[in-house]
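J.: structure, please.
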Amino acid sequence: MTTFVLIPGFWIGAWAWDEVATSLRAAGHRVHQVTLTGVAEKAHLATPDTDLETHTVDVLRLIEEQDLHDVVLVGHSGGGMPVTQVADRIPERVKRVVYVDSGPLPNGVSQFDTNEPAEQERLRAEIGDGHLLPVRDWDPAADPVLLAGLDEAALATLRERSTPHPLGAATQPVRRTGAADALPVALVACVFPIEQVEAMVAAGHPFFAAFQGGEIRGLSTGHWPMLSEPKRLAEILDELS
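T.: From the prediction side, this is the model:
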């Protein structure tokens, strides 16, 4: 039995992991699904001060209060940032870190920094004085790559259940001391073909260098595999446990 802690990416809550978690529990694992502060059923808790540190503490508190050890931390997309910081702070409780279409950003880099300057400017104009990152449109015609594999039911659920994301979680830089650098890491690559990812790892790309020597699994689908390929994603996580 492995203890999994599943952290979702932007705009979605613990609910997005339901099918994956069901399969993992059926395989005999212990699973904790996390909804981060200010999102989904916790949307009412979002404030201008809700940031990456808040989300890191969410996960730390769960692990400490439940007295979890040998944890496999799984971070999807933007959920990779709190996962990175949690592993850095309590590496002695972590067995492995798995990034699902994500990765450990370099120290001092925020998720917002990964956007092109024009996109940053557009988002800043749209947000104005607000403190929430607007939900995406969930329009597969406009974004066929990221939304690949999602059927109409999944898209309808995303439109109904996704909520704006605390802006501070995207703009606050990741802080890493290197304490978790020796932990085993794995990547489930969805949007980028595995050959391309392996080439970027070999080239020392700053967003992929941490996977040198780690396990890389390809899952050809869009950016939300817990909804488009939940059974296969659960199988991969089971294999990585």
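J.: for the residue of the chain most remote from its centre, report the pLDDT, please.
T.: Distance from the C-alpha centroid of the chain peaks at residue 129, with 26.2 Å (CA atoms, centre = their mean). Per-residue confidence at residue 129 stands at 92 (pLDDT).
J.: please apply the same query to residue 81.
T.: For residue 81, the predicted pLDDT is 97.
J.: and the strand or helix carrying it, what does it pack onto?
T.: Remark: residue 81 resides in helix 80-89, with elements defined by DSSP states H and E. Applying 3 or more CB pairs under 8 Å, 6 or more residues apart in numbering; DSSP states H and E, one finds that helix 80-89 contacts helix 52-65, strand 71-76, strand 94-100. Every C-beta, even on glycine, is put in place using the N, C-alpha and C of the backbone.
J.: make JSON lines out of those and add distance to residue 111.
T.: JSON lines is the format used below for the helices and strands packed on helix 80-89 (distance: least, CB to CB, whole Å):
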{"stretch": "helix 52-65", "distance to residue 111": "8"}
{"stretch": "strand 71-76", "distance to residue 111": "12"}
{"stretch": "strand 94-100", "distance to residue 111": "13"}
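J.: quickly compare these and say which is most buried.
T.: Most buried of the helices and strands packed on helix 80-89, by mean neighbour count (mean count of other CB atoms under 10 Å): strand 71-76, with a mean of 27.
J.: what mean pLDDT does that strand get?
T.: Here the average pLDDT along strand 71-76 is 98.
J.: use 733 as the first number from now on
T.: Got it, first residue is 733 now, which makes that one strand 803-808.
J.: partner strands of that strand and their direction?
T.: Partners of strand 803-808 in the sheet, by DSSP bridges, are strand 735-739 (parallel), strand 826-832 (parallel).
J.: turn these into CSV, including distance to residue 910 and mean pLDDT.
T.: Formatted as CSV, the strands paired with strand 803-808 follow (distance: least, CB to CB, whole Å; pLDDT from 0 to 100):
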stretch, distance to residue 910, mean pLDDT
strand 735-739, 21, 98
strand 826-832, 14, 98
